[in-house]
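Undergrad: Following is a predicted model, sequence given first.
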Amino acid sequence: MSFDSLGLSAELLRAISDQGYTEPTPIQRKAIPVILEGKDVMAGAQTGTGKTAGFTLPLLQRLSERPAAKGRRAPRTLVLTPTRELAAQVAESIETYGRHLPLRSAVVFGGVKINPQIDKLRRGVDILVATPGRLLDHANQKTVDLSQIEILVLDEADRMLDMGFIHDIRKVLALLPSNASRQNLLFSATFSSDIKQLANRLLNNPELIEVAQRNTTAERIEQIVYPVDKGRKRELLSHLIGEQNWRQVLVFTRTKHGANRLAQQLEKDGLTAAAIHGNKSQGARTRALAGFKNGDVRVLVATDIAARGLDIDQLPHVVNFELPNVPEDYVHRIGRTGRAGNEGEAISLVCIDEHKLLRDIERLLKRKIPSTVLDGYEPDPNIKAEPIQNGRNGKGGRSSQPRKRAAGGHRGKPSGNSNAPKAARRKPAGARAKPQSQRSRASGGQEKAALLGGGYRGK
Ligand code: AMP
């Protein structure tokens, strides 16, 4: 099937062919005709499926069919995203696909100066992409007029709710014309009951579109688990990168501190590496991402929140240096590879502390992930499971636990032959892992705030 049969205009088809796309992805095939008809949509699509073009192309067409007044004008379409990176990526897609159309767009998010955004809004835009916090800042300063919005898109809605944006979303909705007079599009990788509630409030008789089975991983991703002791993960990672000559690998850690430390250690191993997380300035994050995209940086180490919205084409390898606390994050993480039909590989380095997390992930996926013990990296059977450190309270991965057992591995000798100090291997008296849900909720608040342009108000 080609793009021609979807009902898109010649200008959009030209922009698509400029990109070298030959056929629409499944979400595009399903979503584009429905959105062109003006219907509300609730779409289940993970990142990497081509969902951005799936909503951007038809909304550009609908807007261009009804030209706006000349000069100063209020936005007619609003796209809300959870993170700055995703906002920037969506804005870039709008520019790319709309290059042959006379429409104007702008993106607003926090962490950067507000004045250039005000100037751009003042000159008039048709499409506005925004993170909720900065958008409300503009609304409070009366530098944006949301009364003319005809199309509303909530992108990665599940993530927005995870990040505690529900109140901000409600405030934004109150500034828009009524539901019935708008077209509403909601995209989400997962459908919790909170998402369904939001959808009920927001959508009018929506068309349901799902491309991959809910909470399943994209088809073309090969997944594998390598059991390994925590203290040897870094060594194994460097070994895999070198031996298999990976040129571009995205590595996930649970904490900002863990990301920094791992990037530094990999540099010491002679690999170019950079960390990307919420304590980094917007400039540092943009530079790290640019270096990664152009090949200067071979390993990008990221936390879950920082990785949202990273759009990196054809990323071949994703490594879970540490498994995420929330099983759904595993799906998001590995969605970074195998994008839009390319094959990808997702590798998880799993130590004994993480067995429960792995079981939770496999339960969500409804399948077992193949597991292989690599020669020379066999886990030490004497090491006992310990509670997982989360780096909460902004203390960067440290807690009351002994420092050498902080997330990311102790600094003792490789423990393959039981050289790790005994005390470090023993479970602290009385220590018990908290339920996963409790742990995951306790972490990440500060990072969310840092990443979200001042809009994060906590849960
Ligand atoms: P998304 O899921 O929107 O983040 O898109 C994932 C990636 O797929 C982006 O890098 C797009 O440029 C790319 N892409 C989107 N649509 C197509 C298509 N029809 N053919 C090939 N690549 C595409």
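TA: The structure has been received and is ready for your questions. In this text, all values refer to a predicted model and were calculated from it rather than measured experimentally. Numbers count the residues shown, from 1 in each chain.

Undergrad: Show the subsequent helix or strand relative to the strand or helix carrying E267.
TA: Counting by DSSP states H and E, the element that carries E267 is helix 256-268. Following helix 256-268 in sequence order, the next helix or strand is strand 273-276 (DSSP H and E).

Undergrad: So what are the sheet partners of that next one and their directions?
TA: Sheet pairing of strand 273-276 (DSSP bridges) gives strand 299-302 (parallel).

Undergrad: now what about the helix or strand that the strand it pairs with is followed by, what contacts it?
TA: Using DSSP H and E, the helix or strand that follows strand 299-302 in sequence is helix 304-307. If you take CB atoms under 8 Å, 6 or more residues apart in numbering as the criterion, helix 304-307 is touched by 83, 85, 163, 250, 252, 254, 259, 276-278, 280, 285, 324, 326, 329, 332-333, 336, 444, 447-448, 451. Placement of C-beta: from N, CA and C, glycine included.

Undergrad: and what of stretch 363-372?
TA: Outside stretch 363-372, the residues touching it (CB under 8 Å, 6+ apart) are 215-217, 223-227, 327-328, 330-331, 348, 350, 358, 361-362.

Undergrad: how about a cut-off of 10 Å?
TA: The contact list for stretch 363-372, computed with CB atoms under 10 Å, 6 or more residues apart in numbering, reads 190, 213-217, 222-227, 326-328, 330-331, 334, 346, 348, 350, 358-359, 361-362.

Undergrad: quick one: average confidence on it?
TA: The average pLDDT within stretch 363-372 is 89.

Undergrad: measure it end to end?
TA: With CA to CA, to the nearest Å applied, stretch 363-372 spans 19 Å between its terminal residues.

Undergrad: Also stretch 108-121?
TA: 9 Å.

Undergrad: With stretch 304-320 instead?
TA: Using CA to CA, first and last residues of stretch 304-320 are 10 Å apart.

Undergrad: same check, this time on stretch 19-35
TA: With CA to CA, one end of stretch 19-35 sits 22 Å from the other.

Undergrad: list the buried ones in that stretch?
TA: For stretch 19-35, burial by neighbour count (16 or more other CB atoms under 10 Å) applies to 21, 24-35.

Undergrad: Quick one: low-confidence residue ranges for the stretch 101-250 of the chain.
TA: The model of the stretch 101-250 of the chain has pLDDT under 70 over residues 212-220.

Undergrad: can you pull out the strands in it?
TA: 105-108, 127-130, 151-154, 183-188, 207-210, 221-227, 249-252 (DSSP state E, counting those that start in this stretch).

Undergrad: wouldn't V107 be in contact with K120 here?
TA: Yes - here V107 reaches K120: they are 8.8 Å apart, a contact under CB atoms under 10 Å.

Undergrad: out of these two, which sits in the busier spot?
TA: V107 (25 against 16; other CB atoms under 10 Å).

Undergrad: Tell me how far that one lies from V129.
TA: 4 Å (CB to CB, to the nearest Å).

Undergrad: Overlap of the contact sets of those two?
TA: 79, 81, 87-92, 94.

Undergrad: Now Q89: which helix or strand?
TA: With DSSP H and E as the criterion, Q89 is inside helix 84-97.

Undergrad: avg pLDDT for that helix?
TA: Mean predicted lDDT for helix 84-97 stands at 94.

Undergrad: before we move on, what about stretch 285-294?
TA: pLDDT averaged over stretch 285-294 gives 86.

Undergrad: And for G242, nearest residue in space, chain neighbours not counted?
TA: Nearest non-adjacent residue to G242, counting by CB to CB, 6 or more residues apart in numbering: L271, 7.7 Å away.

Undergrad: swap in E362?
TA: E362 sits nearest to K368 (CB to CB, 6+ apart), 5.4 Å away.

Undergrad: One more: R254?
TA: E322 is the one closest to R254 (CB to CB, 6+ apart), at 4.6 Å.

Undergrad: got it, and V34?
TA: In space, V34 is closest to E207, 4.8 Å off (CB to CB, 6+ apart).

Undergrad: was I right about the one you found contacting L36?
TA: No - applying CB under 10 Å as the test, E207 and L36 come out as separate, 11.7 Å apart.

Undergrad: contacting residues for the spatially closest residue to L203 that is not a sequence neighbour?
TA: Of all residues not flanking L203 in the chain, D40 sits nearest, at 4.4 Å (CB to CB, 6+ apart). For D40, the contact set (CB under 10 Å, 6+ apart) comprises 34, 151-152, 179, 182-186, 199, 202-207.

Undergrad: Relative to D380, how far out is D40?
TA: 55 Å.

Undergrad: so when I look at I347, I'm seeing a helix, right?
TA: No - according to DSSP: H, G, I helix; E, B strand; the rest coil, I347 belongs to no helix; its state is strand.

Undergrad: circling back: okay, now the residue nearest to E362: neighbour count?
TA: 11.

Undergrad: So which of the shared contacts of V107 and V129 is the closest to W246?
TA: Of all the shared contacts of V107 and V129, W246 sits closest to Q89, with 23.4 Å by CB to CB.

Undergrad: is it true that that closest one touches T52?
TA: Yes - Q89 lies in contact with T52 (CB under 10 Å); the separation is 7.0 Å.

Undergrad: Looking at those two, which has the bigger crowd around it?
TA: Higher neighbour count among Q89 and T52: T52, with 26 against 22, using other CB under 10 Å.

Undergrad: element containing the more buried one?
TA: Going by DSSP H and E, T52 is part of helix 51-65.

Undergrad: and that helix, anywhere near the ligand?
TA: Yes - contact between helix 51-65 and the ligand, assessed by CB under 6 Å from any ligand atom, occurs at 51-53.

Undergrad: How far off centre is that helix?
TA: Relative to its chain's centre, helix 51-65 lies at 22 Å (CA atoms, centre = their mean, to the nearest Å).

Undergrad: Okay, buried residues for that helix please.
TA: Quick answer for helix 51-65 (16+ other CB under 10 Å): 51-64.

Undergrad: Can you pull out the low-pLDDT segments for the stretch 351-459 of the chain?
TA: Checking the stretch 351-459 of the chain against pLDDT under 70 turns up 390-459.
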